[in-house]
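1. need the 3D shape of this:
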Amino acid sequence: MHTAKKTEIIQTDDEENDKVYEIRCFADIIENNRLDAYQELKLLGRKVLAITESVRKANGIVFPNDR
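-> Residues are numbered from 1 along each chain as shown. You can find the predicted model right below:
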């Protein structure tokens, strides 16, 4: 944080690799055979992909493999 009189560095406990939380979640799902959580994330992933594809096509973004 910076003010006119001094600069103070605020540190957090956040991991440098910002995907570490997701990795831990995936590991927990696998290690504990949490099929319900797996199905939920799989459905969410498909919804995100469908939206991404829809927006991409609506904006005329064409990848070489689409041709």
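2. ok, which stretches of the chain are helices?
-> 20-31, 35-58 (DSSP state H).
3. mean pLDDT for those helices: which is lowest?
-> In terms of mean pLDDT, the lowest-scoring of the helices of the chain is helix 20-31 (a mean of 92).
4. what's next to that helix, contact-wise?
-> Defining contact as CB atoms under 8 Å, 6 or more residues apart in numbering, one finds that helix 20-31 is touched by 15, 34, 37-38, 41. Bear in mind the C-beta positions are built from the backbone N, C-alpha and C, glycine included.
5. so which two of the residues you listed are the farthest from each other?
-> Using CB to CB, the contacts of helix 20-31 span at most 23.5 Å, a distance reached by 15 and 38.
6. how near is residue 57 to residue 28?
-> Distance, residue 57 to residue 28, using CB to CB, to the nearest Å: 35 Å.
7. ok, now which ones touch residue 65?
-> Here residue 65 is in contact with no residue (CB under 8 Å, 6+ apart).
8. so who does residue 67 touch?
-> The contact partners of residue 67, by CB under 8 Å, 6+ apart, come to none.
9. and it, how far is that from residue 43?
-> Using CB to CB, one gets 30 Å for the distance from residue 67 to residue 43.
10. same question for residue 28.
-> 18 Å.
11. likewise residue 6?
-> From residue 6 across to residue 43, the span is 50 Å (CB to CB).
12. so which of the two has more stuff around it?
-> residue 43 (10 against 7; other CB atoms under 10 Å).
13. turn the contacts of helix 20-31 into TSV, including neighbour count and distance to residue 49.
-> Output for the contacts of helix 20-31, formatted as TSV (neighbours: other CB atoms under 10 Å; distance: CB to CB, whole Å):
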residue	neighbour count	distance to residue 49
15	11	26
34	14	22
37	15	19
38	13	16
41	15	12
